[in-house]
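Colleague: Just to be clear, the model below is a prediction. Sequence and coordinates:
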Amino acid sequence: INHFFDYPILIFVPIVIALIPALIFHNVTVFVYSFQLLMIVCDIVTTLCVYLITLKISDKKTALHAGLLYATAFSAAYFVLTKYDAFPTCILMVSLVFTIYGQKMNGYIATVFGFFAKIFPIIALPFITLYNARDTTIKQEILNACKVFIPLVAVLILPFFLFRQDILNTYLPLRTGMDYYSNTVTFTIYSWLHDVFGIGISLDIILMIMFTCMATGLLALVFTAYIYPKKDARLLLTLILCSIVLVIFCVKVRSPQYIVWFTPILCILAADDIRKIALVYIVQALAFIEFPLMFGEFYTSTQYTDAALSMGWFITLIAFTLEYLMLFVCLYFIVNPGKIVRNLRKGRNEPAS
């Protein structure tokens, strides 16, 4: 009530649980280790979800490969031990397990709880709604989602809103009031255009273009889910993966631990091909080079540490550029957009029954 807190309310679930042994033993270090243990438990649950989802859309061998791939995704694992993102990611993966295994309402509940843990799981909600609507109607599934979302908003936001109206800012993920982060796609594009090629363009203009691309891309992904000719769990995962990465790409603030958000889905979709698996490991390696290896030496949150156009500056710019390009290449092979387009055309050309 007395202090603005920059995370949604459910972050206090692991905080309070980890606080109990710390209070019992009167030791702050106990809190740190307890919190890390909770994040490890969340990551174990996520690994199980990766296995169960892959088992549903593929076979046991591929499911085992997906679980092992995620368990050895070392950059994501680093942030499990040092950050909070394993908790909301776990909730998102649980919601996907419920949805793909046919437990619709539990899927909605988990997705909305994920929103109150760290916003980004709500990206999955429109795709889950359209996926479930294949068995009912869109109207019915929107009503089902509202039955979950509205009561939780009433319980988890409104009581605090009565005391602090600015609590709503916690649930606005764009962070427009913050400085541009130097490890974003936006800043990378700006550095190439403005500093390398000498084009007089501002960060604000680039961000506006990125926001336009994000809005257009998200609408295109939702439209794809709407018109796709059949109920397809793999497509559901693909569209959610693309949406999460698109949002990460197009904003002005990015933390390195965001890789935790999409790595489980990435591993599920890559597990059936050794080339895709290799690309996932390359993405993990480049992300690990970014943080923790380069942080502080080559860049800070808001700037490169070396002067523009110097050798160290170019190394930093090329490292970020390579990281984003490899993630794009990895996504291209995993998503296989050509196959999606062919299925869309095939479905459109089929006669109505």
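Modeller: Everything's here; your move.
Colleague: Kindly export the worst-scoring helix or strand of the chain on mean pLDDT (C-alpha atoms) in PDB.
Modeller: In the chain, no helix or strand scores lower on mean pLDDT, DSSP states H and E than helix 158-161, which sits at a mean of 82. Coordinates of the C-alpha atoms in helix 158-161 are reproduced here as PDB (Å, rounded to 0.1, in the frame of the first residue of the first chain):
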ATOM      1  CA  LEU A 158      -9.700  -3.900  -7.100                       C
ATOM      2  CA  PRO A 159      -8.900  -4.000  -3.400                       C
ATOM      3  CA  PHE A 160      -5.500  -2.500  -4.000                       C
ATOM      4  CA  PHE A 161      -6.800   0.000  -6.600                       C
END
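Colleague: So for the helix ranked longest in the chain, what gets flagged as buried?
Modeller: Under DSSP state H, the helix in the chain containing the largest number of residues is helix 28-57. Buried positions in helix 28-57, judged by neighbour count with 16 or more other CB atoms under 10 Å: 30-31, 34-35, 38-39, 42-43, 45-47, 49-57. From N, CA and C alone the C-beta is placed, and that goes for glycine too.
Colleague: And the helices in the stretch 151-300 of the chain?
Modeller: Ranges of helices in the stretch 151-300 of the chain, per DSSP state H, counting those that start in this stretch, are 158-161, 185-190, 203-227, 233-250, 259-270, 274-288.
Colleague: Of all these, which one is nearest Gly347?
Modeller: Across the helices of the stretch 151-300 of the chain, Gly347 has its closest neighbour in helix 203-227 (7.6 Å, CB to CB).
Colleague: low-confidence ranges in the chain?
Modeller: 1, 4, 173-177, 348-353 (pLDDT under 70).
Colleague: Point me to the residue sitting closest to the centre of it.
Modeller: In the chain, the C-alpha nearest the mean C-alpha coordinate belongs to Trp261, at 3.5 Å (CA atoms, centre = their mean).
Colleague: Against Asn106, how distant is that one?
Modeller: As judged by CB to CB, to the nearest Å, Trp261 and Asn106 stand 21 Å apart.
Colleague: Just the buried positions in stretch 112-127, please.
Modeller: Using 16+ other CB under 10 Å as the burial criterion, the residues of stretch 112-127 that qualify are 112-127.
Colleague: hang on, the earlier thing: contacting residues around the helix or strand just after the longest helix of the chain?
Modeller: The element immediately downstream of helix 28-57 (helix or strand, assigned by DSSP states H and E) is helix 60-71. Contacts to helix 60-71, defined as CB atoms under 8 Å, 6 or more residues apart in numbering, come from residues 46-48, 50-55, 58, 76-77, 263-264, 267-268, 270-272, 277, 280.
Colleague: Kindly recompute the last result at 10 Å.
Modeller: Residues outside helix 60-71 that contact it (CB atoms under 10 Å, 6 or more residues apart in numbering): 43-44, 46-59, 76-77, 93, 263-274, 276-277, 280-281, 284.
Colleague: Can you tell me the SS state at Asp6?
Modeller: The local conformation at Asp6, judged by DSSP: H, G, I helix; E, B strand; the rest coil, is coil.
Colleague: Neighbours of it, how many?
Modeller: One way to gauge burial is a neighbour count; for Asp6, by other CB atoms under 10 Å, it gives 8.
Colleague: Can you verify my assumption that it contacts Thr170?
Modeller: Yes - with contacts defined as CB atoms under 10 Å, Asp6 counts as touching Thr170 at a distance of 6.4 Å.
Colleague: Could you report the distance from the residue nearest to the centre of the chain to Phe87?
Modeller: Applying CB to CB, one obtains 12 Å for the distance of Trp261 from Phe87.
Colleague: okay, and the common contacts of the two?
Modeller: By CB under 10 Å, 6+ apart, Trp261 and Phe87 have these common neighbours: Lys118.
Colleague: follow-up on the earlier one: quick check: the residue nearest to the centre of the chain touching Val245?
Modeller: Yes - counting by CB under 10 Å, a contact exists between Trp261 and Val245, whose distance comes to 8.7 Å.
Colleague: Report the contact partners of Val97.
Modeller: Val97 sits in contact with Val45, Leu48, Cys49, Val50, Tyr51, Leu52, Ile53, Lys56, Gln103, Asn106, Gly107, Ala110, where contact means CB under 10 Å, 6+ apart.
Colleague: switch to 6 Å and redo it
Modeller: Cys49, Leu52 (CB atoms under 6 Å, 6 or more residues apart in numbering).
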